[in-house]
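A.B. asks: sharing a model prediction with you, sequence too.
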Amino acid sequence: MSNQFDVLWLNASQSLKGFDLPLLQYLSKHLLIARWEYYQTKDEASSIDTAVTMLYDFLKSHDRPVNLAGHGMSGAIALMFARRYPQRVRSLALLAVGSQPANTWHAHYYQQRTLLPLSREQVLLNNVRMLFGNQPPHTTQKLMAALDRDLDESPTLHSLLRLVNFPKGGVVMPMFVCGSKTDPVVSPPELYDWRHLLKSEDTLWECAKGYHFFHYFYPQQVGDQLLSFWQRFTQDSEPKTNIKTSQANTPSSDGTVRMGK
């Protein structure tokens, strides 16, 4: 990967990374964007600290602070990194990250498993509807499989035994926070709770709809907001990058998820 890019997009969810692609493809028309991925095997202990340390190892040779961005758990990792290594981050963009960063979809899953007499499969089905809205049966099955895999591979610290909270707070660098009015994970009240932590140069924006993966359903709308924010911090804005698009999921105008092969 080139050492020169305008934005570094984090991904710690291998089975869900396709939902970032429509937004990344739109952004790549306007600036250089690179994607850093963290992959955790089933035999490894879940650790946010490990992901943060590995990201530092990647960026320590970079000659300038970066614009860092991520969605959900990946955004929470970006937030933790920005707090620990502020000198490495020029700006921070968080999508579907609540004021309590540990409140990911995984936390909602384990809450349902604890409180409701439902099987893993039944709760995964509930979460597909919660995160994506009503989808065709074949798409629902694929989404359930993707969420099931993410429970094992994402570096979440939640489990059936306990739910974990992260320290609340902001960051010293400019920050962009966005969510969706129809996101049941980072609901509007939790998104608005960021207002108590924002600085004058920070931005809080809400997408009208799109559930938890609103950036998948509305990539241009979200992308334009991000570009407006980054214009203040990115010097080079020429479109000159390509992003791998294998196994991409393509949004449709009727809100249906189209899963790649």
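C.D. replies: That came through fine.
A.B. asks: assign residue 172 to helix, strand or coil.
C.D. replies: When classified by DSSP: H, G, I helix; E, B strand; the rest coil, residue 172 comes out as coil.
A.B. asks: the closest residue to it other than its chain neighbours: what's it in contact with?
C.D. replies: Closest residue to residue 172 apart from its sequence neighbours, by CB to CB, 6 or more residues apart in numbering: residue 86 at 5.1 Å. In this view, the C-beta of every residue, glycine as well, is placed from N, C-alpha and C. Listed by CB atoms under 8 Å, 6 or more residues apart in numbering, the contact partners of residue 86 are 171, 172, 173.
A.B. asks: report the separation between residue 86 and residue 96.
C.D. replies: Distance of residue 86 to residue 96, given as CB to CB, to the nearest Å: 23 Å.
A.B. asks: now residue 52. Its backbone dihedrals?
C.D. replies: In terms of degrees, to the nearest 10, the main-chain angles of residue 52 are phi -60, psi -40.
A.B. asks: from what I can see it touches residue 81, true?
C.D. replies: Yes - counting by CB atoms under 8 Å, residue 52 does reach residue 81; the two are 4.9 Å apart.
A.B. asks: ok, now how distant is residue 26 from residue 218?
C.D. replies: Separation of residue 26 from residue 218 (CB to CB) stands at 10 Å.
A.B. asks: residue 110 belongs to a strand?
C.D. replies: No - going by three-state DSSP, the assignment for residue 110 is helix, not a strand.
A.B. asks: from residue 179, how far out is it?
C.D. replies: According to CB to CB, residue 110 and residue 179 sit 21 Å apart.
A.B. asks: between those two, which one's more packed in?
C.D. replies: residue 179 (26 against 18; other CB atoms under 10 Å).
A.B. asks: before we move on, the earlier item: buried ones among the contacts of residue 86?
C.D. replies: Buried members of the contacts of residue 86, scored by 16 or more other CB atoms under 10 Å, are 171, 173.
A.B. asks: list just the nearest of the contacts of residue 86 to residue 35.
C.D. replies: Checking those against residue 35 with CB to CB, the nearest one is residue 173 at 20.4 Å.
A.B. asks: pretty sure that closest one is touching residue 82, no?
C.D. replies: Yes - between residue 173 and residue 82 there is a contact under CB under 8 Å: 6.4 Å.
A.B. asks: what is in contact with these two at once?
C.D. replies: Common neighbours of residue 173 and residue 82 (CB under 8 Å, 6+ apart) are 89, 92.
A.B. asks: out of residue 52 and residue 81, name the residue with the larger neighbour count.
C.D. replies: Neighbour count, other CB under 10 Å: between residue 52 and residue 81, residue 81 has more, with 25 against 21.
A.B. asks: what helices or strands is the helix or strand the more buried one falls within leaning on?
C.D. replies: Per DSSP states H and E: residue 81 is located in helix 73-84. Applying 3 or more CB pairs under 8 Å, 6 or more residues apart in numbering; DSSP states H and E, one finds that helix 73-84 contacts strand 7-11, helix 48-59, strand 66-71, strand 89-95.
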